[in-house]
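In: here is my input, please return the structure:
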Amino acid sequence: MQPEGEVAYTLRKHEQEVTSLNVIHQDPYPLLVSGDLKGKLLVWNLVTRRPLAHYQLPTNAQVVSINYINNYLTVLSKDHTLRFLRLHDETSLKSSTAKTHGNDNCTLKEAYEIPINTLNFANVSIETITEDLYRLWSCNTVDSECFDVYTFDLKDPHSLKRKFNKINLHEALLKADNWDCRKSLDKTGIVMKFLKHNGVVYLGFECGFVVGLKILENEGVHPSLVVVYASSVHYPDPVLSLCAASDGHCIYSSSTSGVVGIHNAYEAPTDEYDDLNWLADGIGIPTNFTLVNSCIDLHTAEIGHLESLQDSLVAIDWKGQTLVFSHERANFTFSKQRSNVPIEDSNVGTFSAEKRTKNWIKASSMACLGERGSKQVQVSGAGERRRVSLCASRNWCFTGYEDGSIIMQSFHS
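Out: Model (predicted):
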(Lines give C-alpha, C1' and ligand atoms only; values in the text may rest on other atoms or scores of the structure.)
Protein backbone atom coordinates (compact mmCIF):
# COMPACT_ATOMS: atom_id res chain seq x y z
CA MET A 1 0.00 0.00 0.00
CA GLN A 2 1.40 3.41 -0.98
CA PRO A 3 1.73 6.08 1.72
CA GLU A 4 -0.80 8.90 1.46
CA GLY A 5 0.12 11.54 -1.06
CA GLU A 6 2.40 9.34 -3.17
CA VAL A 7 1.44 8.70 -6.78
CA ALA A 8 2.68 6.55 -9.63
CA TYR A 9 2.31 6.84 -13.40
CA THR A 10 3.32 4.45 -16.17
CA LEU A 11 5.11 5.81 -19.25
CA ARG A 12 4.41 3.54 -22.23
CA LYS A 13 6.03 3.86 -25.64
CA HIS A 14 8.92 1.37 -25.65
CA GLU A 15 8.24 -2.12 -26.99
CA GLN A 16 11.55 -3.51 -25.68
CA GLU A 17 13.35 -3.63 -22.34
CA VAL A 18 14.27 -0.14 -21.09
CA THR A 19 18.04 -0.38 -20.56
CA SER A 20 19.00 3.20 -19.67
CA LEU A 21 17.40 6.32 -18.16
CA ASN A 22 18.70 9.82 -17.51
CA VAL A 23 17.19 13.12 -16.36
CA ILE A 24 17.99 16.32 -18.27
CA HIS A 25 17.64 19.49 -16.20
CA GLN A 26 15.83 21.97 -18.46
CA ASP A 27 13.44 24.86 -17.82
CA PRO A 28 10.58 25.03 -17.06
CA TYR A 29 10.86 21.43 -15.89
CA PRO A 30 13.40 18.60 -16.38
CA LEU A 31 13.04 15.98 -19.10
CA LEU A 32 13.56 12.22 -19.01
CA VAL A 33 15.52 10.37 -21.69
CA SER A 34 15.06 6.62 -22.10
CA GLY A 35 16.78 4.03 -24.29
CA ASP A 36 15.91 0.40 -24.94
CA LEU A 37 17.20 -2.98 -26.05
CA LYS A 38 16.66 -2.22 -29.75
CA GLY A 39 18.19 1.26 -29.89
CA LYS A 40 15.09 3.39 -29.50
CA LEU A 41 15.54 6.71 -27.66
CA LEU A 42 12.71 8.82 -26.29
CA VAL A 43 12.71 12.25 -24.65
CA TRP A 44 9.77 12.58 -22.25
CA ASN A 45 7.84 15.63 -21.13
CA LEU A 46 7.36 14.75 -17.46
CA VAL A 47 4.45 17.16 -17.00
CA THR A 48 2.28 15.68 -19.78
CA ARG A 49 4.02 12.28 -19.39
CA ARG A 50 4.27 11.97 -23.17
CA PRO A 51 7.30 11.65 -25.49
CA LEU A 52 8.22 14.86 -27.31
CA ALA A 53 11.25 13.63 -29.27
CA HIS A 54 12.57 10.31 -30.47
CA TYR A 55 15.60 8.82 -32.23
CA GLN A 56 16.26 5.33 -33.57
CA LEU A 57 19.86 4.09 -33.65
CA PRO A 58 20.54 3.02 -37.25
CA THR A 59 21.92 -0.35 -36.09
CA ASN A 60 19.07 -1.08 -33.63
CA ALA A 61 21.75 -1.77 -31.02
CA GLN A 62 21.05 -1.88 -27.30
CA VAL A 63 21.48 1.43 -25.47
CA VAL A 64 24.04 0.91 -22.67
CA SER A 65 24.10 4.37 -21.09
CA ILE A 66 22.79 7.90 -21.63
CA ASN A 67 24.33 11.13 -20.38
CA TYR A 68 23.90 14.84 -20.96
CA ILE A 69 26.73 17.33 -21.35
CA ASN A 70 26.74 20.84 -22.81
CA ASN A 71 23.40 20.46 -24.62
CA TYR A 72 24.40 17.09 -26.10
CA LEU A 73 22.92 13.71 -25.36
CA THR A 74 25.73 11.16 -25.28
CA VAL A 75 24.52 7.66 -26.08
CA LEU A 76 26.69 4.56 -25.69
CA SER A 77 25.36 1.47 -27.46
CA LYS A 78 26.27 -2.17 -28.06
CA ASP A 79 27.27 -1.49 -31.67
CA HIS A 80 30.58 -0.24 -30.17
CA THR A 81 29.70 3.42 -30.72
CA LEU A 82 29.42 6.55 -28.59
CA ARG A 83 27.15 9.10 -30.25
CA PHE A 84 26.63 12.80 -29.53
CA LEU A 85 23.06 13.83 -30.32
CA ARG A 86 22.26 17.52 -30.51
CA LEU A 87 19.19 18.92 -28.77
CA HIS A 88 18.40 21.64 -31.33
CA ASP A 89 16.21 24.66 -30.58
CA GLU A 90 13.76 23.48 -33.22
CA THR A 91 12.91 20.44 -31.08
CA SER A 92 10.83 22.83 -28.96
CA LEU A 93 12.16 21.31 -25.75
CA LYS A 94 11.35 24.56 -23.94
CA SER A 95 8.00 25.17 -25.56
CA SER A 96 4.66 25.11 -23.80
CA THR A 97 2.81 21.94 -22.90
CA ALA A 98 0.27 22.57 -25.63
CA LYS A 99 2.98 22.29 -28.26
CA THR A 100 4.56 19.09 -26.95
CA HIS A 101 1.69 16.62 -27.01
CA GLY A 102 3.19 14.83 -29.98
CA ASN A 103 6.66 14.16 -31.26
CA ASP A 104 6.26 14.96 -34.95
CA ASN A 105 7.83 18.42 -34.60
CA CYS A 106 10.75 17.19 -32.47
CA THR A 107 13.99 15.66 -33.70
CA LEU A 108 17.39 14.63 -32.39
CA LYS A 109 20.34 14.87 -34.78
CA GLU A 110 23.67 13.08 -34.57
CA ALA A 111 26.63 15.47 -34.32
CA TYR A 112 29.58 13.16 -33.60
CA GLU A 113 30.44 9.51 -33.06
CA ILE A 114 33.39 7.59 -31.59
CA PRO A 115 34.18 3.84 -31.75
CA ILE A 116 34.09 2.32 -28.24
CA ASN A 117 34.70 -1.12 -26.74
CA THR A 118 31.36 -2.36 -25.40
CA LEU A 119 32.29 -6.02 -24.95
CA ASN A 120 31.02 -5.66 -21.39
CA PHE A 121 28.35 -3.28 -20.09
CA ALA A 122 30.61 -0.53 -18.73
CA ASN A 123 29.63 3.06 -19.37
CA VAL A 124 32.13 5.86 -20.19
CA SER A 125 33.19 9.11 -18.54
CA ILE A 126 33.30 12.40 -20.47
CA GLU A 127 34.99 15.57 -19.19
CA THR A 128 34.80 19.04 -20.70
CA ILE A 129 38.21 20.62 -21.31
CA THR A 130 37.07 23.64 -23.34
CA GLU A 131 33.84 24.49 -25.17
CA ASP A 132 34.32 21.87 -27.89
CA LEU A 133 37.29 19.87 -26.52
CA TYR A 134 36.50 16.81 -24.41
CA ARG A 135 38.29 14.01 -22.58
CA LEU A 136 36.92 10.47 -22.76
CA TRP A 137 37.60 7.56 -20.38
CA SER A 138 36.53 4.15 -21.67
CA CYS A 139 37.47 0.47 -21.69
CA ASN A 140 40.46 -0.38 -23.84
CA THR A 141 39.53 -1.15 -27.44
CA VAL A 142 40.41 -4.87 -26.97
CA ASP A 143 41.01 -5.62 -23.27
CA SER A 144 38.15 -4.63 -20.93
CA GLU A 145 40.40 -5.07 -17.88
CA CYS A 146 42.32 -2.02 -19.07
CA PHE A 147 41.14 1.47 -19.94
CA ASP A 148 42.08 4.23 -22.37
CA VAL A 149 41.86 8.01 -22.15
CA TYR A 150 41.22 10.11 -25.28
CA THR A 151 40.74 13.73 -26.23
CA PHE A 152 38.61 14.92 -29.15
CA ASP A 153 37.13 18.08 -30.63
CA LEU A 154 33.47 17.99 -31.64
CA LYS A 155 34.19 20.37 -34.53
CA ASP A 156 36.80 18.03 -36.01
CA PRO A 157 35.72 14.46 -36.90
CA HIS A 158 39.40 13.40 -37.16
CA SER A 159 40.56 14.86 -33.84
CA LEU A 160 40.38 11.72 -31.66
CA LYS A 161 43.73 11.21 -29.91
CA ARG A 162 44.61 8.51 -27.38
CA LYS A 163 46.46 10.04 -24.42
CA PHE A 164 46.69 6.88 -22.30
CA ASN A 165 46.65 3.39 -23.79
CA LYS A 166 45.81 0.08 -22.12
CA ILE A 167 46.20 1.22 -18.51
CA ASN A 168 46.04 -1.64 -16.01
CA LEU A 169 45.90 -0.83 -12.28
CA HIS A 170 46.66 -4.32 -10.94
CA GLU A 171 50.27 -3.56 -9.98
CA ALA A 172 49.30 -0.24 -8.36
CA LEU A 173 46.60 -1.84 -6.17
CA LEU A 174 49.04 -4.45 -4.86
CA LYS A 175 51.20 -1.59 -3.51
CA ALA A 176 48.62 -0.58 -0.88
CA ASP A 177 50.27 -0.96 2.52
CA ASN A 178 47.17 -2.43 4.15
CA TRP A 179 46.29 -4.97 1.46
CA ASP A 180 46.38 -8.50 2.86
CA CYS A 181 48.74 -10.36 0.55
CA ARG A 182 47.18 -13.66 1.63
CA LYS A 183 44.13 -12.66 -0.38
CA SER A 184 44.16 -13.47 -4.06
CA LEU A 185 44.20 -10.58 -6.52
CA ASP A 186 45.48 -12.16 -9.70
CA LYS A 187 43.81 -9.46 -11.77
CA THR A 188 41.40 -6.55 -11.41
CA GLY A 189 38.82 -8.08 -13.72
CA ILE A 190 36.91 -5.94 -16.18
CA VAL A 191 36.03 -2.30 -15.62
CA MET A 192 32.36 -2.27 -14.61
CA LYS A 193 31.65 1.46 -14.12
CA PHE A 194 33.12 4.94 -14.66
CA LEU A 195 32.08 8.03 -12.69
CA LYS A 196 33.47 11.58 -12.95
CA HIS A 197 33.21 13.81 -9.90
CA ASN A 198 35.13 16.95 -8.83
CA GLY A 199 37.94 16.40 -11.32
CA VAL A 200 38.47 12.77 -10.28
CA VAL A 201 37.32 9.75 -12.31
CA TYR A 202 36.28 6.73 -10.24
CA LEU A 203 36.48 3.22 -11.67
CA GLY A 204 34.58 0.24 -10.26
CA PHE A 205 36.14 -3.14 -11.04
CA GLU A 206 34.95 -6.72 -11.27
CA CYS A 207 37.26 -7.60 -8.34
CA GLY A 208 35.35 -5.21 -6.06
CA PHE A 209 37.87 -2.35 -5.96
CA VAL A 210 36.87 1.28 -6.44
CA VAL A 211 39.74 3.50 -7.60
CA GLY A 212 39.87 7.28 -8.04
CA LEU A 213 42.24 8.69 -10.67
CA LYS A 214 43.34 12.20 -11.55
CA ILE A 215 45.30 13.42 -14.58
CA LEU A 216 48.22 15.74 -13.86
CA GLU A 217 49.13 18.06 -16.71
CA ASN A 218 52.23 20.24 -16.80
CA GLU A 219 53.20 22.38 -19.77
CA GLY A 220 55.72 20.68 -22.03
CA VAL A 221 55.41 17.34 -20.22
CA HIS A 222 53.28 14.34 -21.14
CA PRO A 223 50.33 14.12 -18.72
CA SER A 224 50.46 11.50 -15.98
CA LEU A 225 47.91 9.46 -14.04
CA VAL A 226 47.78 9.50 -10.23
CA VAL A 227 45.82 7.14 -8.00
CA VAL A 228 44.23 9.50 -5.46
CA TYR A 229 41.88 7.00 -3.83
CA ALA A 230 41.39 3.22 -3.60
CA SER A 231 39.01 0.92 -1.74
CA SER A 232 38.56 -2.85 -1.62
CA VAL A 233 35.26 -2.63 0.24
CA HIS A 234 33.43 -4.98 -2.16
CA TYR A 235 36.25 -7.50 -2.71
CA PRO A 236 35.86 -10.09 -4.20
CA ASP A 237 32.35 -9.19 -5.48
CA PRO A 238 31.95 -6.99 -8.58
CA VAL A 239 31.02 -3.30 -8.43
CA LEU A 240 27.57 -2.93 -10.00
CA SER A 241 26.87 0.78 -9.58
CA LEU A 242 28.57 4.10 -8.77
CA CYS A 243 26.87 7.39 -7.92
CA ALA A 244 27.79 10.69 -6.29
CA ALA A 245 26.06 11.77 -3.08
CA SER A 246 23.54 14.54 -3.67
CA ASP A 247 25.64 16.88 -1.47
CA GLY A 248 28.81 15.95 -3.41
CA HIS A 249 30.74 14.91 -0.29
CA CYS A 250 31.19 11.23 -1.17
CA ILE A 251 30.72 8.50 -3.75
CA TYR A 252 28.48 5.47 -3.20
CA SER A 253 29.03 2.04 -4.73
CA SER A 254 26.98 -1.16 -4.72
CA SER A 255 27.66 -4.82 -5.36
CA THR A 256 26.01 -8.23 -5.13
CA SER A 257 25.89 -7.97 -1.33
CA GLY A 258 23.92 -5.48 0.76
CA VAL A 259 27.05 -3.48 1.54
CA VAL A 260 27.18 0.01 0.03
CA GLY A 261 30.66 1.49 -0.15
CA ILE A 262 31.24 5.11 0.94
CA HIS A 263 34.19 6.70 -0.85
CA ASN A 264 36.02 9.95 -0.22
CA ALA A 265 35.21 12.62 -2.81
CA TYR A 266 37.80 15.09 -1.50
CA GLU A 267 39.86 16.69 -4.25
CA ALA A 268 43.41 17.25 -3.02
CA PRO A 269 45.30 20.39 -4.12
CA THR A 270 47.87 19.79 -6.84
CA ASP A 271 50.81 20.31 -4.48
CA GLU A 272 49.67 17.32 -2.40
CA TYR A 273 50.61 15.08 -5.33
CA ASP A 274 54.30 16.01 -5.15
CA ASP A 275 55.24 13.08 -2.90
CA LEU A 276 54.53 10.18 -5.24
CA ASN A 277 56.02 6.84 -6.12
CA TRP A 278 56.04 6.13 -9.84
CA LEU A 279 55.48 2.64 -11.20
CA ALA A 280 57.01 1.30 -14.37
CA ASP A 281 53.92 2.08 -16.46
CA GLY A 282 53.96 5.76 -15.38
CA ILE A 283 51.18 5.59 -12.79
CA GLY A 284 51.77 7.62 -9.64
CA ILE A 285 50.69 6.43 -6.19
CA PRO A 286 51.01 8.30 -2.86
CA THR A 287 53.96 7.38 -0.67
CA ASN A 288 51.56 6.22 2.05
CA PHE A 289 49.15 4.43 -0.25
CA THR A 290 46.34 2.96 1.86
CA LEU A 291 43.01 1.36 1.03
CA VAL A 292 40.00 3.11 2.58
CA ASN A 293 37.13 0.74 3.34
CA SER A 294 34.05 2.50 4.67
CA CYS A 295 30.52 1.18 4.16
CA ILE A 296 26.94 0.84 5.34
CA ASP A 297 24.75 -2.26 5.15
CA LEU A 298 21.33 -1.82 3.55
CA HIS A 299 20.35 -5.43 4.35
CA THR A 300 19.37 -6.20 0.80
CA ALA A 301 21.46 -7.96 -1.83
CA GLU A 302 22.27 -7.54 -5.51
CA ILE A 303 21.80 -3.78 -5.87
CA GLY A 304 22.11 -3.23 -9.60
CA HIS A 305 21.49 0.54 -9.65
CA LEU A 306 22.04 3.16 -6.96
CA GLU A 307 21.17 6.88 -6.77
CA SER A 308 21.48 9.52 -4.05
CA LEU A 309 18.71 12.05 -3.50
CA GLN A 310 18.77 14.49 -0.56
CA ASP A 311 18.93 12.33 2.60
CA SER A 312 17.95 9.13 0.79
CA LEU A 313 19.59 6.33 -1.16
CA VAL A 314 17.44 4.87 -3.93
CA ALA A 315 18.24 1.36 -5.17
CA ILE A 316 16.84 -1.26 -7.51
CA ASP A 317 17.80 -4.88 -6.94
CA TRP A 318 17.79 -8.03 -9.02
CA LYS A 319 14.38 -8.97 -7.62
CA GLY A 320 12.78 -6.02 -9.39
CA GLN A 321 12.36 -3.95 -6.24
CA THR A 322 12.80 -0.18 -6.07
CA LEU A 323 13.80 0.73 -2.51
CA VAL A 324 14.25 4.11 -0.82
CA PHE A 325 16.54 4.12 2.22
CA SER A 326 16.82 6.84 4.84
CA HIS A 327 19.44 6.39 7.57
CA GLU A 328 20.06 2.80 6.38
CA ARG A 329 16.40 1.87 6.77
CA ALA A 330 14.05 1.13 3.88
CA ASN A 331 11.03 3.41 4.22
CA PHE A 332 9.57 2.77 0.78
CA THR A 333 9.52 -0.30 -1.49
CA PHE A 334 7.91 -0.72 -4.88
CA SER A 335 7.93 -3.48 -7.51
CA LYS A 336 5.97 -4.26 -10.63
CA GLN A 337 4.13 -7.55 -10.42
CA ARG A 338 3.25 -9.95 -13.18
CA SER A 339 -0.23 -11.36 -13.67
CA ASN A 340 -1.31 -13.80 -10.96
CA VAL A 341 -2.36 -16.27 -13.64
CA PRO A 342 0.63 -18.46 -14.64
CA ILE A 343 1.03 -19.26 -18.32
CA GLU A 344 2.56 -22.60 -19.33
CA ASP A 345 3.63 -22.82 -22.97
CA SER A 346 4.23 -26.57 -22.80
CA ASN A 347 1.33 -29.04 -22.98
CA VAL A 348 3.28 -31.42 -20.73
CA GLY A 349 3.14 -29.35 -17.53
CA THR A 350 5.42 -29.55 -14.49
CA PHE A 351 5.39 -29.40 -10.71
CA SER A 352 9.05 -28.30 -10.56
CA ALA A 353 9.66 -25.09 -8.57
CA GLU A 354 12.42 -24.22 -11.03
CA LYS A 355 9.85 -23.98 -13.84
CA ARG A 356 7.55 -21.55 -12.07
CA THR A 357 7.44 -18.06 -13.52
CA LYS A 358 8.68 -15.38 -11.14
CA ASN A 359 5.90 -13.03 -10.10
CA TRP A 360 7.89 -9.84 -10.52
CA ILE A 361 9.12 -8.00 -13.60
CA LYS A 362 12.84 -7.29 -13.84
CA ALA A 363 13.84 -3.67 -13.28
CA SER A 364 16.69 -2.82 -15.65
CA SER A 365 17.35 0.94 -15.31
CA MET A 366 16.72 3.86 -12.97
CA ALA A 367 16.97 7.64 -12.65
CA CYS A 368 15.86 10.05 -9.91
CA LEU A 369 14.68 13.65 -9.71
CA GLY A 370 14.44 15.65 -6.50
CA GLU A 371 11.72 18.12 -5.62
CA ARG A 372 12.43 21.70 -6.67
CA GLY A 373 10.62 23.51 -3.86
CA SER A 374 8.37 26.52 -4.34
CA LYS A 375 10.52 28.17 -7.02
CA GLN A 376 8.38 30.29 -9.33
CA VAL A 377 8.00 28.48 -12.64
CA GLN A 378 8.15 30.67 -15.73
CA VAL A 379 5.52 29.16 -18.01
CA SER A 380 2.51 30.53 -19.85
CA GLY A 381 -0.94 29.54 -18.63
CA ALA A 382 -2.30 28.86 -15.16
CA GLY A 383 -3.07 25.22 -15.98
CA GLU A 384 0.47 24.40 -17.06
CA ARG A 385 1.91 26.31 -14.11
CA ARG A 386 -0.22 24.25 -11.75
CA ARG A 387 0.86 20.94 -13.33
CA VAL A 388 4.55 21.88 -13.34
CA SER A 389 4.34 23.04 -9.71
CA LEU A 390 2.71 19.75 -8.72
CA CYS A 391 5.56 17.78 -10.31
CA ALA A 392 8.18 20.09 -8.79
CA SER A 393 6.84 19.56 -5.26
CA ARG A 394 7.70 15.85 -5.24
CA ASN A 395 10.68 13.48 -5.35
CA TRP A 396 10.51 11.08 -8.28
CA CYS A 397 12.07 7.76 -9.14
CA PHE A 398 11.89 6.49 -12.72
CA THR A 399 12.31 2.72 -13.07
CA GLY A 400 12.61 1.02 -16.46
CA TYR A 401 11.45 -2.58 -16.85
CA GLU A 402 12.06 -5.49 -19.17
CA ASP A 403 8.49 -5.24 -20.51
CA GLY A 404 9.23 -1.77 -21.96
CA SER A 405 7.35 0.23 -19.34
CA ILE A 406 8.69 3.04 -17.14
CA ILE A 407 7.16 3.61 -13.71
CA MET A 408 7.23 7.26 -12.58
CA GLN A 409 6.91 6.96 -8.78
CA SER A 410 6.84 9.78 -6.23
CA PHE A 411 8.21 9.26 -2.71
CA HIS A 412 9.05 11.12 0.48
CA SER A 413 12.73 11.47 1.44
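In: tell me the first helix or strand C-terminal of the worst-scoring helix or strand of the chain on mean pLDDT.
Out: Using mean pLDDT, DSSP states H and E, helix 382-392 stands out as the lowest-scoring helix or strand of the chain, at a mean of 79. Counting by DSSP states H and E, the next helix or strand C-terminal to helix 382-392 is strand 395-401.
In: could you list the paired strands of that following strand along with their orientation?
Out: Note on strand 395-401: by DSSP bridges, its sheet partners are strand 363-369 (antiparallel), strand 405-411 (antiparallel).
In: buried residues in the first one?
Out: Of all the residues in strand 363-369, those buried under the rule 16 or more other Cβ atoms under 10 Å are 363-369. Placement of C-beta: from N, CA and C, glycine included.
In: stretch 48-62 now?
Out: 49-55, 57, 61-62.
In: what about those, which are in helices?
Out: Helix and strand membership here follows DSSP state H; of those, not one is in helices.
In: out of those residues, which is nearest to Thr287?
Out: Of all the buried residues of stretch 48-62, Thr287 sits closest to Gln62, with 44.2 Å by Cβ to Cβ.
In: is it true that the closest one touches Lys38?
Out: Yes. At 7.2 Å, Gln62 counts as touching Lys38 under the criterion of Cβ atoms under 8 Å.
In: roughly how far does Lys13 sit from Ser138?
Out: 30 Å (Cβ to Cβ, to the nearest Å).
In: and those two? which has more neighbours close in?
Out: Ser138 (24 against 17; other Cβ atoms under 10 Å).
In: name the SS class of Asn178, please.
Out: Under DSSP: H, G, I helix; E, B strand; the rest coil, Asn178 falls in the coil class.
In: begin at 15 from now on, thanks
Out: All set: I'll call the first residue 15, so the last point we hit is now Asn192.
In: measure it to Ile310 for me?
Out: Asn192 is 21 Å from Ile310, by Cβ to Cβ.
In: might one say that Val241 is in contact with Thr301?
Out: No. The criterion here is Cβ under 8 Å, and Val241 misses it with Thr301 at 11.9 Å.
In: who's more crowded, those two?
Out: Val241 (21 against 9).
In: and which of the buried residues of stretch 62-76 is nearest Val156?
Out: Ala75 (19.3 Å).
In: can I assume that closest one is in contact with Val89?
Out: No. Contact status for Ala75 versus Val89: not in contact, 9.9 Å apart, counting by Cβ under 8 Å.
In: before we move on, the earlier item: turn the strands paired with strand 409-415 into JSON lines, columns for distance to Ser271 and mean pLDDT.
Out: What follows is the strands paired with strand 409-415, written out as JSON lines (distance: least, Cβ to Cβ, whole Å; pLDDT from 0 to 100):
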{"stretch": "strand 377-383", "distance to Ser271": "18", "mean pLDDT": "95"}
{"stretch": "strand 419-425", "distance to Ser271": "24", "mean pLDDT": "94"}
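In: of all the ones you listed, which one is nearest Val47?
Out: strand 377-383 (8.6 Å).
In: what's the closest one in contact with?
Out: Outside strand 377-383, the residues that touch it by Cβ atoms under 8 Å, 6 or more residues apart in numbering are 31-37, 44, 46, 48, 60, 318-319, 321, 323, 328, 330-331, 334-336, 349-350, 409-416.
In: what residues does Lys54 make contact with?
Out: Lys54 neighbours (Cβ under 8 Å, 6+ apart): 28-30, 68-71, 77.
In: from those, which shows the smallest pLDDT?
Out: The lowest pLDDT within the contacts of Lys54 belongs to His68, with 91.
In: thank you, goodbye.
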